[in-house]
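Engineer: Predicted coordinates and the sequence they were generated for:
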Amino acid sequence: KRFIKMIIDLAALTAQATGFVVWSLLEGGQKPELWLIPVTALMISCGWWENYVMIPKDSHTDFWRKLRKFMQRLKDTRYFTCIFVSLWKMICFFCSVLLILFLKNENVPNFFRKFKEAFSQHTIVVTEV
């Protein structure tokens with residue numbers, strides 16, 4: 001029963017990965033940014049690695065015992081760690097925005113000068129077509 005479930009999981013994973021890669025191959029010449037899809041999907045999956053690891057409790061392998069111990073320590077300290085990780089993510093995101101603006105030859109100081117204007121009230125006209 002477990003073997004069949006594993007085969008079905010591998011088939012589903014292969015089908016999804018193939019879709020990402022084939023789409024990038026077919027359209028990659030015209031839209032090179034499509035290669036970011038499989039890369040980002042892989043990186044996001046790495047953030048959820050604990051969901052993919054099934055460690056038997058009675059494992060005698062040193063690697064699996066250490067991994068189980070590591071997972072338990074993560075579980076115990078996750079919320080405290082998330083305080084600092086979330087701040088780190090905000091700083092990285094902010095710096096990335098500034099870097100992208102700079103690389104696209106945008107006016108980076110406007111990002112700071114027009115802050116109040118960006119969060120003020122705007123008039124939006126909706127026209128029915």
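Structural biologist: Sure thing, it's come through.
Engineer: In this structure, which helix is the longest?
Structural biologist: helix 62-103 (DSSP state H).
Engineer: Off-centre distance for that helix?
Structural biologist: 12 Å (CA atoms, centre = their mean, to the nearest Å).
Engineer: State the next helix or strand along the chain beyond it.
Structural biologist: Next helix or strand after helix 62-103 toward the C-terminus (DSSP states H and E): helix 108-113.
Engineer: On the three-state scheme, Glu55 is what?
Structural biologist: For residue 55 the amino acid is Ile, not Glu. Using DSSP: H, G, I helix; E, B strand; the rest coil, the structure places Ile55 in coil.
Engineer: let me redo that: Trp35
Structural biologist: Looking at Trp35 with three-state DSSP, the answer is helix.
Engineer: What about it, how many residues nearby?
Structural biologist: 15 (other CB atoms under 10 Å). For every residue, glycine as well, the C-beta is placed using N, CA and C.
Engineer: where's it relative to Trp23, distance?
Structural biologist: 10 Å (CB to CB, to the nearest Å).
Engineer: Please apply the same query to Pro109.
Structural biologist: Distance from Pro109 to Trp23, by CB to CB: 39 Å.
Engineer: ok, those two, which is more surrounded?
Structural biologist: Trp23 (14 against 9).
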